[in-house]
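**Q** Structure, please.
(2 chains)
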Amino acid sequence: MNTKYMNPYLAGFFLGLVLLATIFITGRGLGASGAIKDVTIAVMDVFAPAHTERAPFFNNYVGPGKENPLKSWLVFEIAGVFIGAFVSGLASNRLKFVTEAGPKVRPKLRWLFAAIGGALFGLGAQFARGCTSGAALSGMAVLSTAGFIAMLAIFGTGYAVAYVARKLWL
Amino acid sequence: MGPFVPDLISDQLNLVVALLLGIAFGFVLEQAGFSSSRKLAGVFYGYDFTVLRVFFTAAITAMSGVLLLDYFGLLDTDIIFVNPTWLVPTIVGGAIMGVGFILGGYCPGTSVCAAAIGKIDAMFFVGGGLLGVFVFGELYPLYDNFYASTSLGAVKVFDSLGMTQGVFAFILIAIAVGAFAITTLIEKRANKTSAPSFEFKPKKHFAAGTAVVALGVLFIFMPNRKTHLINEVSGTHYISSHSVSTMDVDELAFRIVDHEPNVHIVDIRSAAEYAKLALPGSDNMTLRDFFSKEWAPLFSQRHVKKILLADNETEERTGYLLLQKLGYENLAVLNGGFEAFNKTILSPSTFVPVGTRWDNDVKEFREQARTKILKMIADSRNAGPKVEKKPKKIQGGC
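**A** Take a look at the predicted model:
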């Protein structure tokens, strides 16, 4: 396979089929932020179990009688995502340690903004009960109102603030 | 009929399924180019609309598949996970994520893909994500009320907008295809020489777009299977042109008193009425429940006569005809509905002699039946609440 990306419509079609298969087989959609939440809580439970099991919000996921948060559907799914993407990168000759940034951005600044962006996603996804995958895409597939609102809010805000952040990318 | 969780696929096996589906998910995302933050950010600056193309194509593909599987009765859309809506928190959370998208260049799923092929910025993004969840949880008491506010339940978007499922599906498909066309023009203008869309073959893409819109038009005329079947058997013409087997109240009373095992009462009155007064051994359900896996074992027993019970005979006939349409046999409607049974059997001294020599026997039978059935009702009340056999909704979400 060469390093070119797939035709986006074809890729979208395949992605839709994967999501459809997920709904058909398991009755639920795909997701990502939920796995990040589970991992966060599992890490916290290692370093500060007493705090994690008492603190509101976190105590919904850990504590006596609850399964290890890592034994969740989304953690296994996201582990699969990592494997699948690695295989794809291997097949298309794209495996490389590299920092990708806009033409005017140095790597360290890029790392900082990537971390901030990730933190905002981790935080926002809790309010919205999911991210681009779990709330927007999967929600839209089953025609849930939440899915469409999440999609409009994410992309609408992205466009609204794009101009301010243009130096990061253009 | 899908979904296969939890009946055919156990919780343990479901985790293996999750891993496999995740592998497919990650592979496709990476092949699409979602492991590149510049490509992802391009959608906001007009130089690369790959995100929009992949995302909307995936959404309408999966949505169309769900609608088609539902229509052909292959997927029970009443039990699949539909993301519940918390209106304002979703808007606020979405806005926070939108800022995160512009600053970070990824979303959580794509950052994992990018990290998998060695993107160092994506590894920082994932780390940031863990931090974001930590901060959210630590500050949770500040906004716990807001977090739980404006909860609308698992509402569907077409209901929120007051249109049918099919019309909404058509509009979404039309918007997507329109957006594909417009953004291709924008992208070509923004780049001048090279962009993904320069490689598109216009004729093929136009043909595909037309086919997809045609599918959308089809959806307008393709109803939700359950709603459609229920509406069909509720029509006065359908009811009057199909005959049904019946059972009269005395026979039912006799069989109840006799503890006849091969008779089962299917009570389709409202849950409130059922809670007030229910016949011994009866089960309360809605017409939609007839489609669920939970009740199939009961309906499939051919030697058991299923007696439809409702406020009036018309509703009973609707239930009867729906079960018949779903392929179930050995059914009957109760003559006169629940009211007739209540008046004739359960209420005292309403017996009106009709002038036959059986009058005294009938009167005596009904009085005995009344005492016995009322006692059976009281006994089952004392035995505590019945185990609810509602269709199990699947849990999901992030």
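**Q** what does the model give the residue sitting furthest away from the middle of chain B for pLDDT?
**A** Here chain B reaches farthest from its C-alpha mean at residue B:357, the gap being 55.5 Å by C-alpha atoms, centre = their mean. Listed pLDDT for residue B:357 reads 78.
**Q** Run a quick neighbour tally on residue A:53.
**A** The number of residues packed near residue A:53 is 17, by other C-beta atoms under 10 Å in any protein chain shown. All C-beta spots, glycine's among them, are computed from the backbone N, C-alpha and C.
**Q** what packs against the helix or strand of chain A with the lowest mean pLDDT?
**A** Sorting the helices and strands of chain A by mean pLDDT, DSSP states H and E puts helix A:49-54 at the bottom, at a mean of 92. Packing partners of helix A:49-54 (3 or more C-beta pairs under 8 Å, 6 or more residues apart in numbering or on different chains; DSSP states H and E): helix A:33-47.
**Q** mind listing what's buried in the helix it packs on?
**A** A:33-45 (16 or more other C-beta atoms under 10 Å in any protein chain shown).
**Q** likewise stretch A:87-105?
**A** A:87, A:88, A:89, A:92, A:94, A:99, A:100, A:101, A:102, A:105.
**Q** near chain B, from those residues?
**A** A:87, A:88, A:89, A:92, A:94, A:99, A:100, A:101, A:102 (C-beta under 8 Å from any C-beta of the partner chain).
**Q** who touches residue B:71 in this structure?
**A** B:222, B:223, B:224, B:225 (C-beta atoms under 8 Å, 6 or more residues apart in numbering or on different chains).
**Q** Now render those as JSON lines, adding pLDDT, secondary structure and distance to residue A:156.
**A** As requested, the contacts of residue B:71 are exported to JSON lines (pLDDT from 0 to 100; DSSP: H, G, I helix; E, B strand; the rest coil; distance: C-beta to C-beta, whole Å):
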{"residue": "B:222", "pLDDT": "90", "secondary structure": "coil", "distance to residue A:156": "30"}
{"residue": "B:223", "pLDDT": "85", "secondary structure": "coil", "distance to residue A:156": "32"}
{"residue": "B:224", "pLDDT": "85", "secondary structure": "coil", "distance to residue A:156": "30"}
{"residue": "B:225", "pLDDT": "88", "secondary structure": "helix", "distance to residue A:156": "34"}
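**Q** in the helix or strand harbouring residue B:176, what counts as buried?
**A** Secondary structure from DSSP states H and E places residue B:176 in helix B:165-191. If you call a residue buried by 16+ other C-beta under 10 Å, then helix B:165-191 has these buried ones: B:165-166, B:168-173, B:176-177, B:180, B:183-184, B:187, B:191.
**Q** Which elements pack onto it?
**A** Counting contacts by 3+ C-beta pairs under 8 Å, 6+ apart, helix B:165-191 is packed against helix B:50-71, helix B:157-160, helix B:202-220.
**Q** tell me which parts of the stretch 151-300 of chain B are close to chain A?
**A** The interface of the stretch 151-300 of chain B toward chain A, taken as C-beta under 8 Å from any C-beta, is made up of B:152, B:154-160, B:165, B:168-169, B:180, B:196, B:199-200, B:205, B:208.
**Q** give me phi/psi at whichever residue of chain A sits closest to chain B?
**A** Taking C-beta to the nearest C-beta as the measure, chain A has residue A:117 as its residue closest to chain B, at 1.6 Å. Dihedral pair for residue A:117: phi -60, psi -40, per degrees, to the nearest 10.
**Q** That one: what's it in contact with?
**A** Here residue A:117 is in contact with B:99, B:100, B:101, B:102, B:103, B:104, B:105, B:106, B:125, B:128 (C-beta under 8 Å, 6+ apart).
**Q** What about chain A: which of these touch it?
**A** Within those, those near chain A by C-beta under 8 Å from any C-beta are B:99, B:100, B:101, B:102, B:103, B:104, B:105, B:106, B:125, B:128.
**Q** Show me which of the residues you listed are buried.
**A** Judged by 16+ other C-beta under 10 Å, buried ones among those: B:99, B:100, B:101, B:102, B:103, B:104, B:105, B:106, B:125, B:128.
**Q** ok, back up a step: which one of the contacts of residue B:71 is nearest residue A:55?
**A** In terms of C-beta to C-beta, no member of the contacts of residue B:71 lies closer to residue A:55 than residue B:224, at 42.9 Å.
**Q** pretty sure the closest one contacts residue B:72?
**A** No. Taking contacts as C-beta atoms under 8 Å, residue B:224 lies outside contact range of residue B:72: 11.9 Å.
**Q** of these two, who's got more company?
**A** The neighbour count for residue B:224 versus residue B:72, taken as other C-beta under 10 Å, is higher for residue B:224 (18 against 10).
**Q** Can you list the low-confidence ranges for chain A?
**A** A:1-2 (pLDDT under 70).
**Q** wait, what's in contact with residue 20?
**A** Just going to use chain A. So residue A:20 contacts A:141, B:61, B:62, B:65, B:66, B:69 (C-beta under 8 Å, 6+ apart).
**Q** oops, I was thinking of chain B
**A** Neighbours of residue B:20 in contact, by C-beta under 8 Å, 6+ apart: residue A:80.
**Q** helix or strand for residue A:17, which one?
**A** With DSSP H and E as the criterion, residue A:17 is inside helix A:8-26.
**Q** got the angle for that helix vs helix B:50-71?
**A** Angle of helix A:8-26 versus helix B:50-71, following axes from the mean of the first three to the mean of the last three C-alpha atoms, to 10 degrees, is 40 degrees.
**Q** among the contacts of residue B:71, which ones are buried?
**A** By 16+ other C-beta under 10 Å, the contacts of residue B:71 give B:222, B:223, B:224, B:225 as buried.
**Q** Run through the residues that contact the residue lying closest to the second one once chain neighbours are set aside.
**A** In space, residue B:223 comes closest to residue B:166 once its chain neighbours are excluded; the distance is 6.8 Å by C-beta to C-beta, 6 or more residues apart in numbering or on different chains. Residues counted as contacts of residue B:166 (C-beta under 8 Å, 6+ apart) are B:67, B:219, B:220, B:221, B:222, B:223.
**Q** switch to 10 Å and redo it
**A** Going by C-beta atoms under 10 Å, 6 or more residues apart in numbering or on different chains, residue B:166 touches B:67, B:71, B:158, B:216, B:217, B:218, B:219, B:220, B:221, B:222, B:223, B:224.
**Q** for residue B:138, same thing?
**A** Residue B:138 is in contact with A:44, A:51, A:55, A:56, A:57, A:58, counting by C-beta under 10 Å, 6+ apart.
**Q** could you flag which of these are buried?
**A** A:44, A:55, A:57, A:58.
**Q** Quick check: phi and psi at the last one.
**A** Main-chain dihedrals, residue A:58, degrees, to the nearest 10: phi -60, psi -30.
**Q** returning to that earlier point: out of the buried ones among the ones next to chain A among the contacts of residue A:117, list just those in helices.
**A** B:99, B:100, B:101, B:102, B:103, B:104, B:125, B:128 (DSSP state H).
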